[in-house]
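Asks: Quick one: sequence plus predicted model below, questions after.
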Amino acid sequence: METAAVELQIPRQIQVLPTDDHVAAVKSKSRLSMLTCFHAGYFRISLSLCGQALLWKTLIEPTTDAHALRAVVRCLPSAAFLLLWSVAFLTLLALCLLYLVRCVLCFRSVRAEFAHHVGMNYIFAPWISWLLLLQSAPFLRPNTRGYLLLWWLFALPILALDVKVYGQWFTQGKKFLSMVANPTSQITVIGNLVGARAAAEMGWRESAVCMFSLGIAHYLVLFVTLYQRFLGSDSLPSMLRPVFFLFFAAPSMASLAWASISSSFDTCCKMLFFLSLFLFASLVCRPALFKRSMRRFSVAWWAYSFPLSVLALAATEYAQVVKGAVANVLMLILAVLSVVVTLLLMVFTAIRTGDLLPHDDPFILCSFDSNLH
Amino acid sequence: MEQVSAKQIPCEELPSLLQSAAAKEVAGFDSVECGNGGVISQTTQPAAAPKETEAVCSHLPAYNEPQDESKHSYSLSISLPTSPSGFHVLQAKQIGSPRTESTQLPPPAAVQLEQPKQGKFHSQPIPAVSIDGKVATMNGKVPDRRVSGGGESQQRDKRFDSFKTWSGRLERQLSNLRGKPQDLESGESSIIEAEDVPAVDRYFDALEGPELDTLRVSEVSVLPEDKKWPFLLRFPISSFGMCLGVSSQAILWKTLATSPSTSFLHVSITVNLVLWCVSLALMSTVAFVYLLKIIFYFEAVKREYYHPVRVNFFFAPWIACLFLVQGVPPTVAEKPHNALWYALMAPIFCLELKIYGQWMSGGQRRLSKVANPSNHLSIVGNFVGALVGASMGLKEGPIFFFAIGLAHYTVLFVTLYQRLPTNETLPKELHPVFFLFVAAPSVACMAWAAIKGDFDYGSRIAYFIALFLYVSLAVRINFFRGFRFSLAWWAYTFPMTGFSIATIKYSMEVTNALTQTLSVGFSVISTFTVSALFITTIIHAFVLHDLFPNDIPIAITQKRPKFSKFIAHLRSLSSDMEAAISKDSLEI
């Protein structure tokens, strides 16, 4: 996102103002513009926190497996989970409100964001976060009316966005898949799969299968395209390399979704889980890929956490089915890894809030407009 | 002899080699004044005095790296009979600097008319024809020039040092240990360093052909093409293809002997025993020789690893070992140990992490660029591992590798079918390498059957895909013509054999006359192909003596020769001249 401005070639506002009045005016304007500069990439934070909440909920759940490791994991007090869930909820609420303000005040910027090949995928992120929160809600059972209504509320925008984005892939000239494909496109697939899982939890098999097939079909196309890398790595700035972790988030999510649909972790789920495990190993063996993005803290770092949480979730389901030492150790390692990474990110955010806050809007039509007025 | 207009070319384009040689200064070629560190001694100058003492240092301007040499200017001469070996030695001196094609001028009177075995002129620009039309080769004298006083037989040929492990220092150490101290010219040993491996683009630019094994006309080889290289240097990784071919035959004959649907053939299990022993011996031999190559010519192995087609053959040893485990005769071992499977799959796993990761994230080696049918070898390893593991009774491991193989197979299959315009390696004509298309679905079909326990719909779908691909290639058998035999062809027989085995397994499930006929028919075809290939190999090995030709594909230059079109033109001229000379000599 940081270099998106360059890509969009939008002129920046130049501020060289001598007088005090002008300086004050600029300062207030910049505070306002900071509020409106929260682009959709910030929803990575809410995605991560909601993913963590779902992981903790699954880990805390009483299971039939009396394996010692699982007992250790269940030592986590449920109060901690409630705290996490509340934090996730509040963060998501805040981000949504900020984005709403941005929509109201800078709609043209939002439109520009939606037209961007990376930005358009993050529009899915708030709805995914809400669905994850819904699934991890401590007080809402899946068979209640409230759950159903909320599912419809969050799934419909995903479906609408599907029609728009996927349709563009094969019909619209400038936005052909071969042109716009980049690792963040997998967020669209994840959206469908999360919706499918939530529906399956409710018992709505047909909707679940529908959304699942939508996700998987496009995932197949996207997977091939991304591997071919027709355009090379130019499509993604090096600051955004953490989003490569999405490569293993999608098959993990697919594995979880299918497990919910078919009510058991069968061979197909196992294969998807193994694929994501392999992709994870493949990325972890390439630290050089992420070196440039790790130089400075940015909101892109939050992209590390959600895929790890999803992988840990899939590993948990796997360990439940294959009750072996290896599976349990794997589950433990991945769960600990995702928790540690999320905690670290929260600490970094607290320490370096300045780096995290948006100083300028990469889709900067907004301030340009206000300058004219 | 023509001379191109003397171009004044600024010195910074010149390799350091020629830095101090002004055009009119150099009397002979290979001379020390060229600033090459004194390696080429002046003691043994070629016999005939050069007729043109002027524009001797023909050069090609250096590429990117600026040379901080003195500001001499040089003129360019076309007439360049070459002593490629001299050129190559000098090249070896250039550490890190761009490899140029500075061909040194031997005296024009000393004519060079090489007759390369393949009838192609690769590294010789136009040969200078002497007045009386006689040709003489310079080669015999070449090694002497570099050696201070020793005869050729007593000194190692140092031209290949750049490809040796630690640039030949290992070999020198070993010779020292053996009590035969070599002449260590200290200047030389520090100068001969390993060359950097060329980038993948260079492989595509310099080579052509379905296996990227033919040097383009405009390219030259780093090592001398006229001389037979050391055996280890000529031993490619694709030799493991032989092991693949033979060991898969062992499995075929085991299946024929043990499967109920082909029991009417009354095939004896001894055939399997014999073939298995042969393949075991072959595998050990090839592995041992290649191990020697790794020890002594590690740089060459590195270059093979970076070759976009040959890298896939690094999977071949492990796949062949897995075949050996699968085809083990019941008399030798009833049930192999599980640890063997883990031991064999570990290298495959590591190789995969590297190669598939490159597809995903490596800039120069992305799939749309490097995809070629040989990539199937990297995919098939997964399915073979899944098959062998499931046959051994393992549960999760086979599913793991099957999943990875399936995901990446989908990607590769789509890419190859698309025949993207950015993909240069797919041959326009059919080549035996296309048979690798049949490998993955056949083995996947058997692997899935082994995992699931029976030949269900998934296996059948995979089998029918394999059948379709086989038939579409078989009916086009006419177009598989005009290719030079290479050892890699052995690797393309195992898909046929694998498909025959899959057919037998299918006929076990669906037993009727048609399936049994198909099993027998395909088995006969694959056995016949392997036998024919075996005979061809024997002929090439013992009659034609070119089973292991010079391994040109790994000896491409770092950078494209600057006047490559020029060189291509020269070569065509030279071949015309050669034809003219031979016509003349016939007329005389």
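Replies: On my side now, so go ahead.
Asks: what packs against the helix or strand where residue B:319 lies?
Replies: Applying DSSP states H and E as the criterion places residue B:319 in helix B:316-326. In terms of contacts (3 or more C-beta pairs under 8 Å, 6 or more residues apart in numbering or on different chains; DSSP states H and E), helix B:316-326 is packed against helix B:240-258, helix B:269-296, helix B:338-361, helix B:376-392. For glycine as for every other residue, the C-beta is placed from the backbone atoms N, C-alpha and C.
Asks: Give me the residues contacting that helix.
Replies: B:237-238, B:240-241, B:243-244, B:247-248, B:250-251, B:276, B:279-280, B:283, B:287, B:290, B:336, B:340-341, B:344-345, B:347-348, B:377, B:380-381, B:384-385, B:387-388, B:391, B:491, B:494 (C-beta atoms under 8 Å, 6 or more residues apart in numbering or on different chains).
Asks: tell me the angle that helix makes with helix B:269-296.
Replies: Here helix B:316-326 runs at an angle of 150 degrees relative to helix B:269-296 (axes from the mean of the first three to the mean of the last three C-alpha atoms, to 10 degrees).
Asks: quick one, helix B:316-326 and helix B:376-392 angle?
Replies: Calculated by the same axes, to 10 degrees, helix B:316-326 forms an angle of 20 degrees with helix B:376-392.
Asks: Show me what from chain B comes close to chain A.
Replies: B:352-353, B:356-357, B:359-361, B:363, B:366-368, B:371, B:396, B:399-400, B:402-404, B:406-408, B:410-411, B:414-415, B:420, B:422, B:451-452 (C-beta under 8 Å from any C-beta of the partner chain).
Asks: from those residues, which would you call buried?
Replies: Buried members of those, scored by 16 or more other C-beta atoms under 10 Å in any protein chain shown, are B:352-353, B:356-357, B:359-361, B:366-368, B:371, B:399-400, B:402-404, B:406-408, B:411, B:414-415, B:420, B:451.
Asks: picking that back up, in ChimeraX, select just the buried ones from the contacts of helix B:316-326.
Replies: Burial among these is assessed by 16+ other C-beta under 10 Å; the matching ChimeraX selection reads:
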select /B:237,238,240,241,243,244,247,248,250,251,276,279,280,283,287,290,336,340,341,344,345,348,377,380,381,384,385,387,388,391,491,494
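Asks: tell me which element residue A:224 is part of?
Replies: Using DSSP H and E, residue A:224 falls in helix A:205-228.
Asks: Packing partners of that helix?
Replies: Applying 3+ C-beta pairs under 8 Å, 6+ apart, one finds that helix A:205-228 contacts helix A:145-171, helix A:177-180, helix A:186-202, helix A:246-261, helix B:338-361, helix B:367-370, helix B:396-418.
Asks: Which one of these lies nearest to residue A:326?
Replies: The minimum distance between residue A:326 and the helices and strands packed on helix A:205-228 falls on helix B:396-418, with 8.2 Å, by C-beta to C-beta.
Asks: Can you name the element that comes right after the closest one?
Replies: Following helix B:396-418 toward the C-terminus (DSSP H and E): helix B:436-452.
Asks: could you dump the helix or strand following that next one to PDB, C-alpha only?
Replies: Sequence-wise, the next helix or strand downstream of helix B:436-452 (DSSP H and E) is helix B:457-474. Extracted C-alpha coordinates of helix B:457-474, given in PDB (Å, rounded to 0.1, in the frame of the first residue of the first chain):
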ATOM      1  CA  TYR B 457     -13.400 -43.600  -9.600                       C
ATOM      2  CA  GLY B 458     -10.500 -41.300  -8.800                       C
ATOM      3  CA  SER B 459      -8.000 -43.800 -10.100                       C
ATOM      4  CA  ARG B 460     -10.100 -44.500 -13.100                       C
ATOM      5  CA  ILE B 461     -10.300 -40.900 -14.000                       C
ATOM      6  CA  ALA B 462      -6.600 -40.600 -13.800                       C
ATOM      7  CA  TYR B 463      -6.100 -43.800 -15.800                       C
ATOM      8  CA  PHE B 464      -8.300 -42.600 -18.600                       C
ATOM      9  CA  ILE B 465      -6.500 -39.300 -18.800                       C
ATOM     10  CA  ALA B 466      -3.300 -41.200 -19.100                       C
ATOM     11  CA  LEU B 467      -4.800 -43.400 -21.800                       C
ATOM     12  CA  PHE B 468      -5.900 -40.400 -23.800                       C
ATOM     13  CA  LEU B 469      -2.500 -38.800 -23.600                       C
ATOM     14  CA  TYR B 470      -0.800 -42.000 -24.600                       C
ATOM     15  CA  VAL B 471      -3.000 -42.600 -27.600                       C
ATOM     16  CA  SER B 472      -2.700 -39.000 -28.800                       C
ATOM     17  CA  LEU B 473       1.100 -39.300 -28.700                       C
ATOM     18  CA  ALA B 474       1.200 -42.800 -30.200                       C
END
